[in-house]
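> here are the coordinates; sequence isn't available:
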């Protein structure tokens, strides 16, 4: 783990975290804009409360301050991989429902999907910097996520609302996680390592 403690690695980590924080902020702003357009276009109530949507990772976490850097990165990576699949499914459903009639919403969904993919790659880079393996990389490419159950049009709309709401929350959490990772360690003056606590 000596490489994780070197000044150049700490500087690289801080740089990756800073870029990730900016990416998360931009993504959140775009998701909020998309959410507004989605609610309007789908005829939904933006203030509607919803139960947990199956398959959508929750940003809320108990004892956040006790998590290690590795745990934070792995949870973020798993969430963004799930969002990548969910957004791709939403985009497909959007095209099935409207064809090319509403290209604005489709383009916005596709743009957010690209940002989610880029952010997942960014998280993988942070894990690689720490010489961590990227979990499930091979399995995900070969098998992919299991196909979701077929939903009614209204259920698809509600699931889409839940996906976008939770993605906006994840963008906030990701920025917070990356700020925590970028903080200098009081003892060494470098960013804390991602190693598990003893």
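All right, it came through fine. A quick note: this is a predicted structure, and the numbers were derived from the prediction, not measured.
> spatially central, which residue of this structure would that be?
Note on the chain: the residue nearest the mean C-alpha position is residue 80, at 3.4 Å, using Cα atoms, centre = their mean.
> who touches that residue in this structure?
By Cβ atoms under 8 Å, 6 or more residues apart in numbering, the residues touching residue 80 are 116, 119-120, 123, 170. C-beta: built from backbone N, CA, C; applies to glycine.
> if we go to 7 Å?
Taking Cβ atoms under 7 Å, 6 or more residues apart in numbering as the contact definition, residue 80 lies against 116, 119-120, 123.
> spatially nearest residue to it, not counting backbone neighbours?
The spatially closest residue to residue 80, leaving aside those adjacent along the chain, is residue 120, at 4.0 Å (Cβ to Cβ, 6 or more residues apart in numbering).
> which strands or helices does the strand or helix carrying the one you found pack on?
According to DSSP states H and E, residue 120 maps onto helix 103-129. When contacts are defined as 3 or more Cβ pairs under 7 Å, 6 or more residues apart in numbering; DSSP states H and E, helix 103-129 packs onto helix 7-42, helix 69-98.
> and that helix, what's buried?
Residues of helix 103-129 classed as buried: 105-106, 108-109, 112-113, 115-117, 119-120, 122-124, 126-127, 129 (neighbour count, 16 or more other Cβ atoms under 10 Å).
> packed most tightly, which of the helices and strands packed on helix 103-129 would that be?
With neighbours taken as mean count of other Cβ atoms under 10 Å, the helices and strands packed on helix 103-129 reach their highest mean count in helix 69-98, at a mean of 20.
> now do that helix against helix 103-129, angle only.
Counting by axes from the mean of the first three to the mean of the last three Cα atoms, to 10 degrees, helix 69-98 lies at 160 degrees to helix 103-129.
> do you know how far the residue nearest to the centre of the chain is from residue 73?
Between residue 80 and residue 73 the computed distance is 11 Å (Cβ to Cβ, to the nearest Å).
> now for these two: what residues contact both?
Residues within reach of residue 80 and of residue 73 at once, by Cβ under 7 Å, 6+ apart, are residue 123.
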